[in-house]
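# coords below, sequence missing:
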């Protein structure tokens, strides 16, 4: 192949990439053209109101130009779109439903009202936000009249007295749905499920360190709540990580199935197995299979322990002291 041919091929690829990027815009540009604040635009994407596509150049997801044109041409734009992504807190939500804030909170803790997002305020309190459109639908549904006006059933009151609060779990379920809709690869779908489990659960389900390492490449980014390690960040971490035993079991099962599907679609990459040539001769040692380098934080004990003739350092001193 000549040098001119290579140059032409590279130029053609660059032209196609530039054309693809030209047919889409960044999230920031799309939010401005749709008349939305960036937080409202992100919520519209989460809810599936705005379609996004992967960036071929690896720069994150983008919004197709024809998607922006479709939304802008819809009846009632932009008021209808803004109303669809309007999120309210407890006080405003209670006013929309014509109930007290105490009743509103009880309904949310019982899982009857599902939060769409949250944040931790400066007082380190969790503020839950709900879609105003969903609250109006709940209020107009005649099946909910007793819950809005009548006395809360005794069984539900007992659950509240025992500390029931389904808001974090319901948010996680909703958030997982968004992550799965955005995932366009089997490994990305598995990573979406893994994002709700702590590291110990993931290591227990996925025992292969190469697969865990590959899975981390697809792990979705988490929203920042305060500086890393701060009380606000720790509180947010508790919310985004599954804690209920039955929820953890369900996610573990889903993760195992998702990784199995991803493994059959495309196995996780592994280092080349080409060994270093060993010298020939009567004293040559048998070749051993190299073990994978374990990621940081995964210090599983080896299955067998060999006692060498002499150990140095801290382990040597401990061994000799116990002998």
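Looks like it arrived, so ask away. Everything numeric in this text was worked out from a predicted model, so none of it was measured. Numbering: from 1, shown residues only.
# Now residue 127, what are its backbone angles?
Residue 127 adopts backbone torsions of phi -110, psi 120, taken as degrees, to the nearest 10.
# ok now do it, which residues does it touch?
89, 118, 119, 120, 121 (Cβ atoms under 8 Å, 6 or more residues apart in numbering). Glycine gets a C-beta too; all of them are placed from N, C-alpha and C.
# swap the cut-off to 6 Å and go again
By Cβ atoms under 6 Å, 6 or more residues apart in numbering, the contact set of residue 127 is 89, 119, 121.
# Need these in JSON lines (columns: neighbour count, pLDDT and distance to residue 82).
Converted to JSON lines, the contacts of residue 127 look like this (neighbours: other Cβ atoms under 10 Å; pLDDT from 0 to 100; distance: Cβ to Cβ, whole Å):
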{"residue": "89", "neighbour count": "16", "pLDDT": "98", "distance to residue 82": "17"}
{"residue": "119", "neighbour count": "16", "pLDDT": "95", "distance to residue 82": "20"}
{"residue": "121", "neighbour count": "9", "pLDDT": "93", "distance to residue 82": "24"}
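# which one of those residues sits closest to residue 207?
residue 119 (36.3 Å; Cβ to Cβ).
# which ones are touching the closest one?
By Cβ under 6 Å, 6+ apart, the neighbours of residue 119 are residue 127.
# can we see that at 7 Å?
127, 225 (Cβ atoms under 7 Å, 6 or more residues apart in numbering).
# For it, name its beta-bridge partners.
residue 127 (DSSP bridges).
# any idea how far residue 172 is from it?
Computed as Cβ to Cβ, to the nearest Å, the residue 119 to residue 172 distance reads 16 Å.
# can you give me the helices in the stretch 101-250 of the chain?
Here the stretch 101-250 of the chain has its helices, by DSSP state H, counting those that start in this stretch, at 101-109, 132-140, 145-149, 154-161, 167-182, 186-194, 199-205, 209-216, 231-240, 245-265.
# ok so, going back, any chance of the contacts of residue 127 in a markdown table, with distance to residue 145 too?
Output for those, formatted as a markdown table (distance: Cβ to Cβ, whole Å):
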| residue | distance to residue 145 |
| --- | --- |
| 89 | 24 |
| 119 | 32 |
| 121 | 33 |
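# Run through who's touching stretch 213-230.
For stretch 213-230, the surrounding residues in contact (Cβ under 7 Å, 6+ apart) are 119-120, 179, 185, 187-188, 190-192, 194-195, 206, 232-233, 236, 240, 268-269, 295.
# how about it: buried residues?
For stretch 213-230, the neighbour count (16 or more other Cβ atoms under 10 Å) marks 213, 214, 215, 218, 225, 226 as buried.
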